[in-house]
Structure formats: C-alpha cells, structure tokens
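Enquirer: fold the following, please.
(2 chains)
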Protein chains: 2
Amino acid sequence: MEEKLEQAYLYDFYGELLNEHQRQVYEDFVFNDLSLGEIASEEGISRQGVADLIKRCNKKLLDYEAKLHLVEKFMSIKSDIRRIHELTNDFKKSHNELLMNEIEAISNQILEEL
Amino acid sequence: MEEKLEQAYLYDFYGELLNEHQRQVYEDFVFNDLSLGEIASEEGISRQGVADLIKRCNKKLLDYEAKLHLVEKFMSIKSDIRRIHELTNDFKKSHNELLMNEIEAISNQILEEL
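Expert: Here you go, the predicted model:
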C-alpha cells in the first residue's frame, strides 16, 4: 500500500489513541499534505521535531495494528463485500443462479470470521 | 448485551492491549468462568485484588471502545451481512428479484461505511 494511504487507514482506526497535539500534526501531514517545514512554522517547533513526532506517531499506530490487526480485518471484509456487490450486479445481467451460491458462501464466510 | 458477552467481545477486540497478567485473570473470569475465589487462590492474590483487577480491565477495554467504536462497527456490519445471507436464501426459494436490489443496496451501504 502507498505509504500515505496506509498512514491514513491506520489513523482512521487508531488515531483517537494519539494525543491532541500528535493528531493535529499527523493530520496536517497525512491528510492536509503540508510539508514538514510548513508544519514546523505553524507549530513553532523545528523541522526535525516535526519529523520525529510523525515517526513516533507512525510507530504507535503500527504497534496498535501489530497487536489488533483491525485494519487488516476490515480490508479483508471490504474486499469480500465488494465481491458480493459485483456478483449481485452480474446476477441482474445474467440470471445465473451459481452467482447466488457464491454470494451465500462469501456472506457465510464473513459471518464465521466476524 | 449480557455483561459477560459484552466483556468477551471487548476482549476479542482489545484484549491484546492488556498486559499478560491482566489477560490471564480476565480470561479465567470471562471465558473459563472461574469464580473470584478460584482465581484468587490460583494467582496467590486476595479475592478483592482479583475483583479490582477485573474492574480495571473492564474500564480499560471500555475506554478503548469509547474512543475507537470498533466493536460497535463490527456488530453493525455483522448484522448487515446476516441480512444479506438471509436474503440470498429467500431469493433461492422465491426468485423475487426485489431481494437482489436489497442485497445490492446493503452491500453498497457497507462499502460506503468501511
């Protein structure tokens, strides 16, 4: 996964576990796409200070994911649901009932995992 | 939700964020259904010590859920998927194509939430 996209997902799941200052800086960097220099002058800290803070946030978010695997779990469900959505559309075009069996199997598999 | 069931869900999601001793005691209480007295003599601490530890674990797990809402999110997805699964079965019996539209709508809604 592209690094900023991965950071965005991790932040979506675990961002509330960072403190307010960390969240502010991390959001500016990952979502508002500000440069380290821009954030540094905004926050009144050094460029290196910003870089260190972002590194610490990345580590904290990755540590949570290493323990909880919730981003991974959600991504897997998302891809399964996308498949169900496609199969429903395919069915509407083809009326091939085998597609129903596949939807049933995928939904059953998700239920077992959840 | 019944208290022990709620504790079990919270533990499934956030248990890895407790320390090893907390996990051991919490598992004995919630999953192995040991009494406070049984855990106390197993761990060599007082009954009150066990009660306090479980209370602290509950608080920690509930704090994580209050911040991240991941159990709530998963429960909601699970109920949607269960509905898709039912609709697929209903369709196989009735061949009512409106059911397909409902499956499509639910899967679309989950994708937007994920």
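Enquirer: up against chain B, what does chain A have?
Expert: Residues of chain A found near chain B (C-beta under 8 Å from any C-beta of the partner chain) are A:13-14, A:16-17, A:64, A:67-68, A:70, A:74, A:77-78, A:81-82, A:84-85, A:88-89, A:91-92, A:97, A:100, A:103-104, A:107-108, A:110-111, A:114. Yep, even glycine has a C-beta here, placed from its N, CA and C like the rest.
Enquirer: where do the domain boundaries of chain A fall?
Expert: Following automatic domain parsing, one gets these domains for chain A: A:3-68, A:72-113.
Enquirer: mean pLDDT for those: which is lowest?
Expert: Of all the domains of chain A, domain A:72-113 carries the lowest average pLDDT, namely a mean of 89.
Enquirer: measure that domain end to end?
Expert: With C-alpha to C-alpha, to the nearest Å as the measure, domain A:72-113 spans 13 Å from end to end.
Enquirer: just the helices in chain A please.
Expert: A:3-14, A:20-30, A:36-43, A:47-68, A:70-94, A:98-113 (DSSP state H).
Enquirer: can I get those helices in CSV with mean neighbour count and distance to residue B:36?
Expert: Listed next are these as CSV, based on neighbours: other C-beta atoms under 10 Å in any protein chain shown; distance: least, C-beta to C-beta, whole Å:
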stretch, mean neighbour count, distance to residue B:36
helix A:3-14, 16, 33
helix A:20-30, 17, 38
helix A:36-43, 15, 49
helix A:47-68, 16, 28
helix A:70-94, 16, 31
helix A:98-113, 16, 33
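Enquirer: pLDDT at residue A:1, what is it?
Expert: So, for residue A:1, pLDDT stands at 65.
Enquirer: roughly how far apart are the residue nearest to residue A:34 when sequence neighbours are not counted and residue A:53?
Expert: Nearest non-adjacent residue to residue A:34, counting by C-beta to C-beta, 6 or more residues apart in numbering or on different chains: residue A:28, 4.5 Å away. Applying C-beta to C-beta, to the nearest Å, the value for residue A:28 to residue A:53 is 11 Å.
Enquirer: joint contacts of these two?
Expert: Taking C-beta atoms under 8 Å, 6 or more residues apart in numbering or on different chains as the contact rule, residue A:28 and residue A:53 have no neighbour in common.
Enquirer: ok, the residue nearest to residue A:83 when sequence neighbours are not counted to residue B:100 distance?
Expert: Distances taken as C-beta to C-beta, 6+ apart place residue A:106 nearest to residue A:83, at 5.9 Å, with adjacent residues excluded. Residue A:106 is 15 Å from residue B:100, where distance means C-beta to C-beta.
Enquirer: same question, residue A:110
Expert: In terms of C-beta to C-beta, residue A:110 sits 18 Å off from residue B:100.
Enquirer: with residue A:4 instead?
Expert: 38 Å.
Enquirer: quick revisit: nearest to residue B:42, of the domains of chain A?
Expert: domain A:3-68 (25.7 Å; C-beta to C-beta).
Enquirer: end to end, how far does that closest one reach?
Expert: 20 Å.
Enquirer: swap in stretch A:86-100?
Expert: 11 Å.
Enquirer: residues touching it, excluding its own?
Expert: Contact partners of stretch A:86-100, identified using C-beta under 8 Å, 6+ apart, comprise A:102, A:103, A:106, B:88, B:91, B:92, B:97, B:100, B:103, B:104, B:107.
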